[in-house]
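Chemist: model the following, please.
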Amino acid sequence: MQIMNKNGFSRCGENYINRLRKEGRYSTAHVYKNALRSFGKFCGTSNMSFKQVTRERLRCYSQYLYGCGLKPNTISTYMRMLRSIYNQGVEAGSAPYVPRLFHDVYTGVDVCQKKALSVSELYKLLYEDPQSERLRRTQAIAALMFQFCGMSFADLAHLEKSALDQNVLRYNRIKTKTPMSVEVLNTAKEIINQLRSKENSHPDCPDYLFDILRGDKKRTDERGYREYQSALRRFNNSLKDLARALHLQSPVTSYTLRHSWATTAKYRGVSIEMISESLGHKSIKTTQIYLKGFGLKERTEVNKGNLSYVRNCCAGSVRTVKC
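Modeler: A predicted model of the protein is given here:
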């Protein structure tokens, strides 16, 4: 059994993960844990020292992750987690400051990883019958997420009955705590009744609106976070089954509905400020990551429109002068 160095990189990471758990930030702790475990697997030890975190090792680790098939944004997340742990070691005096230590690895955001569906595939996902009760339920959840302004699965699953006030949903986002309000469309009312939880409320526990989570665990209980993770995995697996049943070519995850709502609004000419506010983003930069770029056809139409606008304006000016 390895004895963990009390001032080592692994111990520093574990201490921070434990602090996050005590603060109830289980999701963030989970990501840090995955990053630390992955790096430890690459290094061949779960007891890493700060001396082992070098520019060359980080560069090789990055190549290893690409070789494992991880997406750039996932690799960036892992690297940022490792950088955060290292910086905490520097602040605590346990690690030396190394300029540009993470310079050779990717720590940005890949805006090319677009997850939005085309309009035709989105229509299939939301409206075509998958011929399965299980998949119809998955489709109903997806439809609500889209009709609630691209609501995330986390926010939908954690909505409480008190959030629904007549025809308006009022809640705080799970991720950012941003206050949100969404008017319930008539098309969503039947789906809400279909998915509404029939569980009795438990003392000091959330009384959930939908039957996605049981609501028998206190908000500060880590078991509640693990239950949510299991529900998310089931939903994503069911979405894959739904996409296969409907013969969709694009991959579909819980984020697909959110990205697709944003991109549909963009194509309709809705301002990015309105899209950002509807999604509950604190920064428009986050919204821009969600938006799928326009295709050549759309850009060509815009280009033609601009040319036509200028030409007609000039022609109008010339006619005015001649008159």
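
Chemist: secondary structure element for the residue most central in space within the chain, which one?
Modeler: By C-alpha atoms, centre = their mean, the chain has its centre lying nearest to residue 255, at 5.6 Å. Residue 255 is part of helix 254-267 when elements are defined by DSSP states H and E.

Chemist: what about the helices in this structure?
Modeler: Per DSSP state H, the chain carries helices over the ranges 9-22, 26-43, 55-67, 72-92, 119-127, 133-147, 153-157, 186-195, 222-245, 254-267, 272-279, 284-290, 296-322.

Chemist: reformat these as TSV; add distance to residue 204 and mean pLDDT.
Modeler: Using the backbone N, CA and C atoms, a C-beta is placed for each residue, glycine as well. Listed next are the helices of the chain as TSV, based on distance: least, C-beta to C-beta, whole Å; pLDDT from 0 to 100:
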stretch	distance to residue 204	mean pLDDT
helix 9-22	19	96
helix 26-43	18	95
helix 55-67	42	97
helix 72-92	33	95
helix 119-127	37	93
helix 133-147	27	96
helix 153-157	19	96
helix 186-195	24	94
helix 222-245	12	96
helix 254-267	28	88
helix 272-279	31	86
helix 284-290	34	72
helix 296-322	52	61
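
Chemist: JSON lines for the ones you listed, including distance to residue 214?
Modeler: JSON lines is the format used below for those (distance: least, C-beta to C-beta, whole Å):
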{"stretch": "helix 9-22", "distance to residue 214": "21"}
{"stretch": "helix 26-43", "distance to residue 214": "17"}
{"stretch": "helix 55-67", "distance to residue 214": "36"}
{"stretch": "helix 72-92", "distance to residue 214": "30"}
{"stretch": "helix 119-127", "distance to residue 214": "27"}
{"stretch": "helix 133-147", "distance to residue 214": "16"}
{"stretch": "helix 153-157", "distance to residue 214": "11"}
{"stretch": "helix 186-195", "distance to residue 214": "14"}
{"stretch": "helix 222-245", "distance to residue 214": "7"}
{"stretch": "helix 254-267", "distance to residue 214": "19"}
{"stretch": "helix 272-279", "distance to residue 214": "28"}
{"stretch": "helix 284-290", "distance to residue 214": "31"}
{"stretch": "helix 296-322", "distance to residue 214": "45"}
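
Chemist: so which of these gets nearest residue 212?
Modeler: Across those, residue 212 has its closest neighbour in helix 153-157 (4.3 Å, C-beta to C-beta).

Chemist: mind giving me the packing neighbours of the closest one?
Modeler: If contacts are counted by 3 or more C-beta pairs under 8 Å, 6 or more residues apart in numbering; DSSP states H and E, helix 153-157 sits against helix 133-147, helix 222-245.

Chemist: what is the burial count for residue 167?
Modeler: Per other C-beta atoms under 10 Å, the neighbour tally for residue 167 reads 12.

Chemist: ah, wrong one, I meant residue 219
Modeler: Applying other C-beta under 10 Å, we find 11 residues neighbouring residue 219.

Chemist: now for it: which residues touch it?
Modeler: Residues in contact with residue 219 (C-beta atoms under 8 Å, 6 or more residues apart in numbering) are 24, 205-206.

Chemist: from residue 229, how far off is it?
Modeler: 16 Å (C-beta to C-beta, to the nearest Å).

Chemist: also residue 216?
Modeler: Distance of residue 216 to residue 229, given as C-beta to C-beta: 16 Å.

Chemist: the domain parsing of the protein - what is it?
Modeler: Structural domains assigned to the chain are 9-92, 119-296, following automatic domain parsing.

Chemist: could these be laid out in JSON lines, adding distance to residue 107?
Modeler: As requested, the domains of the chain are exported to JSON lines (distance: least, C-beta to C-beta, whole Å):
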{"stretch": "domain 9-92", "distance to residue 107": "5"}
{"stretch": "domain 119-296", "distance to residue 107": "15"}
